[in-house]
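Asker: starting from these lines, generate the structure:
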Amino acid sequence: MGALREVTLVPMTINTKKLFMAGAVAIFVVALFQIFFEIVVKQGAASETYSPQHDWVVSYKSGGFTYNGSSAVQKNNVVLQRGDSILVQNELPAGHPLVVRFLAYHKLIEIYQDDIMLYSYGKSDFEKGTLVGSGYHYFYPMVCDTNCAVRFVFVESENDMPLYAPKFELLTPWEANSDFNATRFSSLVFGLFLVVFGVLSVIIGACASIYGASYFRLLMIGLLSFSLGLWTLCYTKLVQIFSMNLAFNTSLEYVSLLFSAIPFSFLLVRMRKGKILRWKWYVLIGINAIGILVFVALSTLHFMDIVHFSRTLWVYHVYVGIGVVALLVCGAIYNRRMDLSGKILAVGCFVFVGFAMLELVRYKINQTEMFGHILSDNSLLPMGTFFFVLLLMVSFVAHLSRLQSHKAERDLLANIAYLDSLTGLFNRAKCKQIFEVLDRGNSDYAIVSIDLNGLKYVNDNYGHGMGDALIKAFAQALKEAFDGIGTAIRLGGDEFIMVVRSEHLAEMDLALAKMAELQKKRGAELPIPLEAAYGIAFRHELADKYSAEQRNGRFESEYVYDLADERMYAMKSEMKSNLVRK
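Answerer: Next comes the predicted model:
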């Protein structure tokens with residue numbers, strides 16, 4: 001047991017204003033990063049695109065219309081059922097090798113050039129009733145000497161779906177893929193960051209949760225980040241860089257979205273436990289349970305090909321809407337009595353909702369025929385998701401800082417309870433704890449009983465202030481001499497104890513000699529010399545001497561101390577110092 005060192009514990013505090021300023025700066029920097037990348041990656045966009053001479057003609061069973069194809073058009077007033085088809089026709093410019101890129105949702109697709117079918121997707125899935133995936137398609141038409149007619153047949157694979165005519169992009173073959181990746185590079189960075197960060201957080205959080213329940217929050221943040229990162233890559237169709245299985249990509253998109261609500265609700269349940277009324281906390285648990293039920297039920301219906309996610313997603317939307325209202329009513333997202341960690345989480349939620357609303361506005365404007373395609377195709381949600389997870393981590397750091405601050409305060413109070421206020425040595429209460437520990441083991445140890453000479457004389461003739469100085473000087477000499485060898489204790493007044501474990505018994509003589517030297521050195525600054533009598537006793541000297549009944553409830557170490565105390569008084573009686581008699 002090493003000697004006690006004086007340590008001043010300062011509770012950790014968090015400057016709220018500085019933390020929010022740091023958060024604002026971080027958001028500003030990331031926004032600049034996004035703008036910078038938007039400028040840079042535009043240089044990788046297709047430098048040469050083509051447009052047909054005529055508008056695209058859309059035909060369906062009860063009507064038709066034309067549009068220029070530069071942006072997608074969705075007509076919610078036209079509802080298609082499974083098996084209904086729309087035809088989109090135009091003439092492609094002649095004399096150029098082209099790629100037609102377009103985005104389609106859950107459609108069986110057949111593409112004809114001059115009545116020859118050159119491209120087909122989703123027919124086997126449609127016939128089997130399994131999911132027909134969503135994603136970008138690339139059609140390579142034959143080069144014609146004159147304008148050639150192309151016809152796109154889109155067959156709806158789900159019921160009750162609005163009519164959707166895609167945006168068609170005509171690019172050169174060598175720019176089709178690079179253009180797609182370049183214009184969405186920032187979204188790719190955000191999505192991959194969230195996935196990698198989520199994996200690392202899950203691993204660290206799972207391992208750290210073994211040692212502390214606080215890291216359960218990190219585990220949930222990791223799961224949330226991973227699921228939102230996957231959803232970001234799937235939602236922006238960037239997952240096609242890694243997988244061209246559109247049905248798998250689409251299922252992954254829905255699963256990651258539905259799953260993300262579960263770790264988030266677990267996170268709220270953990271954060272609000274004991275901080276809101278019990279019935280409100282039970283409401284949070286209920287929301288969590290419903291989220292798990294929705295995830296399991298919708299996933300089961302989807303993968304058994306009973307009802308696919310595209311038809312049941314409204315159930316998830318209703319759940320999220322009701323859940324958000326319930327969380328606000330219960331004060332789980334925000335209330336005035338929240339700590340800093342909870343307020344940062346609330347800011348993260350509002351930021352994410354804000355980005356989601358902006359994304360909805362962007363999407364609707366781009367699909368409105370009145371305005372046309374006036375905004376960027378890049379989704380705002382990857383950036384919003386990044387900020388959301390970033391603020392969750394800031395919230396977690398604030399939570400850890402608060403825990404560390406409370407722990408430092410508790411440790412400080414605990415140390416104060418077991419420390420002698422004058423010398424900084426352990427006190428009598430700590431001595432009792434040490435004796436309990438010694439008695440639980442079987443190793444040998446030594447107890448040194450020490451009594452300081454001349455304290456009463458100094459108090460009577462020089463005042464108690466000088467008496468305190470005498471005690472402090474001896475305590476410093478004692479600690480320095482036995483540093484790393486034993487544990488110093490002040491029982492009170494002029495009585496001290498040194499406990500030395502078995503591994504340091506061979507060093508005791510050197511420590512006692514050093515203590516005598518330090519007494520001479522420090523005593524030169526005092527009105528009297530520093531003198532002390534001491535006695536040493538070892539555990540092995542009393543081995544098996546006292547049975548449990550003979551101890552009468554006392555520790556064996558107390559008997560060792562009694563023996564050391566007797567030897568200390570024997571030494572004191574033999575000393576020829578005037579201080580002993582004063």
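
Asker: from the centroid of the protein, which residue is nearest?
Answerer: Centrality entry for the chain: nearest residue to the mean C-alpha point is Leu218, 3.4 Å, by C-alpha atoms, centre = their mean.

Asker: next, it: secondary structure please.
Answerer: Three-state call for Leu218 (DSSP: H, G, I helix; E, B strand; the rest coil): helix.

Asker: who's in contact with it?
Answerer: 201, 204-205, 208-209, 396 (C-beta atoms under 8 Å, 6 or more residues apart in numbering). Yep, even glycine has a C-beta here, placed from its N, CA and C like the rest.

Asker: can you turn the buried part of the residues you listed into a PyMOL selection?
Answerer: To isolate the buried members of those in PyMOL, using 16 or more other C-beta atoms under 10 Å:
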select buried, resi 201+205+396
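
Asker: any chance of TSV for the contacts of Leu218, columns secondary structure and pLDDT?
Answerer: Shown next, in TSV, are the contacts of Leu218 (DSSP: H, G, I helix; E, B strand; the rest coil; pLDDT from 0 to 100):
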residue	secondary structure	pLDDT
Ser201	helix	89
Ile204	helix	89
Gly205	helix	87
Ala208	helix	83
Ser209	coil	76
Phe396	helix	82
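
Asker: among the contacts of Leu218, which two are most distant?
Answerer: Using C-beta to C-beta, these span at most 12.9 Å, a distance reached by Ser209 and Phe396.

Asker: and Tyr319, what does it touch?
Answerer: Counting by C-beta under 8 Å, 6+ apart, Tyr319 has contacts 261, 290-291, 294.

Asker: out of these, who's nearest Asp160?
Answerer: Val294 (20.1 Å).

Asker: so, low pLDDT: which residues of the stretch 201-350 of the chain?
Answerer: 212-213 (pLDDT under 70).

Asker: and if we set it to 80?
Answerer: For the stretch 201-350 of the chain, applying pLDDT under 80 flags the ranges 209-214, 274-276, 331-343, 345-346, 348-349.

Asker: check which residues of stretch 504-514 are buried.
Answerer: Quick answer for stretch 504-514 (16+ other C-beta under 10 Å): 504-505, 508, 511, 514.

Asker: of all these, which two lie farthest apart?
Answerer: Going by C-beta to C-beta, the pair spanning those furthest: Leu505 and Lys514, at 15.8 Å.

Asker: so Leu188 versus Leu238, what's the distance?
Answerer: Separation of Leu188 from Leu238 (C-beta to C-beta, to the nearest Å): 5 Å.

Asker: surely Ile450 is within a strand?
Answerer: Yes. Remark: Ile450 belongs to a strand, assigned using three-state DSSP.

Asker: residues contacting it?
Answerer: Neighbours of Ile450 in contact, by C-beta under 8 Å, 6+ apart: 478, 495-498, 532-534, 568.

Asker: any idea of the pLDDT on it?
Answerer: Note on Ile450: pLDDT of 93.

Asker: hey, what's it bridged with?
Answerer: Phe496, Tyr534 (DSSP bridges).

Asker: just to revisit the earlier point, who's more crowded, Leu188 and Leu238?
Answerer: The neighbour comparison of Leu188 against Leu238 (other C-beta atoms under 10 Å) goes to Leu238, with 23 against 20.

Asker: any idea how far that one lies from Thr232?
Answerer: For Leu238 relative to Thr232 (C-beta to C-beta), the value is 8 Å.

Asker: identify the contacts common to these two.
Answerer: 187, 191.

Asker: out of the contacts of Tyr319, which comes closest to Ile333?
Answerer: Once C-beta to C-beta is applied, the member of the contacts of Tyr319 that ends up nearest Ile333 is Ala261, at 13.6 Å.

Asker: now that closest one: closest residue in space that isn't a chain neighbour?
Answerer: Gly291 (4.6 Å; C-beta to C-beta, 6 or more residues apart in numbering).

Asker: and after the helix or strand containing that neighbour, which helix or strand comes next?
Answerer: Following DSSP states H and E, one finds Gly291 within helix 278-303. Sequence-wise, the next helix or strand downstream of helix 278-303 (DSSP H and E) is helix 309-330.

Asker: give me the angle between that following helix and helix 278-303.
Answerer: 180 degrees (axes from the mean of the first three to the mean of the last three C-alpha atoms, to 10 degrees).

Asker: in helix 309-330, what's buried?
Answerer: Buried residues in helix 309-330 (16+ other C-beta under 10 Å): 309-312, 315-316, 319, 323, 326-327, 330.

Asker: make TSV from the contacts of Leu218 and add distance to Val347 to it.
Answerer: Below are those laid out as TSV (distance: C-beta to C-beta, whole Å):
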residue	distance to Val347
Ser201	20
Ile204	24
Gly205	22
Ala208	25
Ser209	26
Phe396	14
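
Asker: Ala446 contacts Glu503, doesn't it?
Answerer: No. Assessed by C-beta atoms under 8 Å, Ala446 is found out of contact with Glu503, at 11.4 Å.

Asker: which of the two has more residues huddled nearby?
Answerer: Ala446 (21 against 12).

Asker: the nearest residue to that one once chain neighbours are set aside: which element?
Answerer: Nearest non-adjacent residue to Ala446, counting by C-beta to C-beta, 6+ apart: Val500, 4.5 Å away. When elements are assigned from DSSP H and E, Val500 belongs to strand 495-501.

Asker: hey, C-alpha coordinates of that strand in PDB?
Answerer: Extracted in PDB, the C-alpha atoms of strand 495-501 (Å, rounded to 0.1, in the frame of the first residue of the first chain):
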ATOM      1  CA  GLU A 495       0.100  10.000  17.400                       C
ATOM      2  CA  PHE A 496       1.000   8.600  14.000                       C
ATOM      3  CA  ILE A 497       0.900   5.100  12.300                       C
ATOM      4  CA  MET A 498       2.800   3.700   9.400                       C
ATOM      5  CA  VAL A 499       1.500   0.500   7.700                       C
ATOM      6  CA  VAL A 500       4.100  -1.300   5.500                       C
ATOM      7  CA  ARG A 501       3.100  -4.300   3.400                       C
END
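
Asker: what's that strand packed up against?
Answerer: helix 428-440, strand 445-452, helix 464-481, strand 486-492 (3 or more C-beta pairs under 8 Å, 6 or more residues apart in numbering; DSSP states H and E).

Asker: measure Thr66 to Leu563 for me?
Answerer: The value you get for Thr66 to Leu563, if C-beta to C-beta is used, is 108 Å.

Asker: that should have said Pro263, apologies.
Answerer: 62 Å.

Asker: what sits up against the strand holding Val500?
Answerer: With C-beta under 8 Å, 6+ apart, strand 495-501 has contacts from 1, 425, 431, 434, 438, 443, 445-452, 474-475, 478, 482, 485-491, 508, 532, 561.

Asker: ok and that strand relative to helix 464-481, angle-wise?
Answerer: Using the same axes, to 10 degrees: strand 495-501 against helix 464-481 is 10 degrees.

Asker: strand 495-501 to strand 445-452, inter-axis angle?
Answerer: Going by the same axes, to 10 degrees, strand 495-501 makes 160 degrees with strand 445-452.

Asker: report the buried residues of strand 495-501.
Answerer: Under 16+ other C-beta under 10 Å, the buried positions of strand 495-501 are 495-501.

Asker: what does the helix or strand following that strand contact?
Answerer: Downstream of strand 495-501, the first helix or strand assigned by DSSP H and E is helix 508-523. Residues from elsewhere that reach helix 508-523 (C-beta under 8 Å, 6+ apart): 446, 448, 473-474, 476-478, 480-482, 485-486, 500, 529-532, 534, 536.

Asker: list buried residues within the residues you listed.
Answerer: Looks like these have 446, 448, 473-474, 476-478, 481-482, 485-486, 500, 530-532, 534, 536 buried, using 16+ other C-beta under 10 Å.

Asker: now do the contacts for Asp55.
Answerer: 66-69, 90.

Asker: highest neighbour count among those?
Answerer: Most neighbours among the contacts of Asp55, by other C-beta under 10 Å: Gly69, with 24 neighbours.

Asker: you'd agree that residue is up against Phe152?
Answerer: No. With contact defined as C-beta under 8 Å, Gly69 does not reach Phe152; the gap is 10.6 Å.
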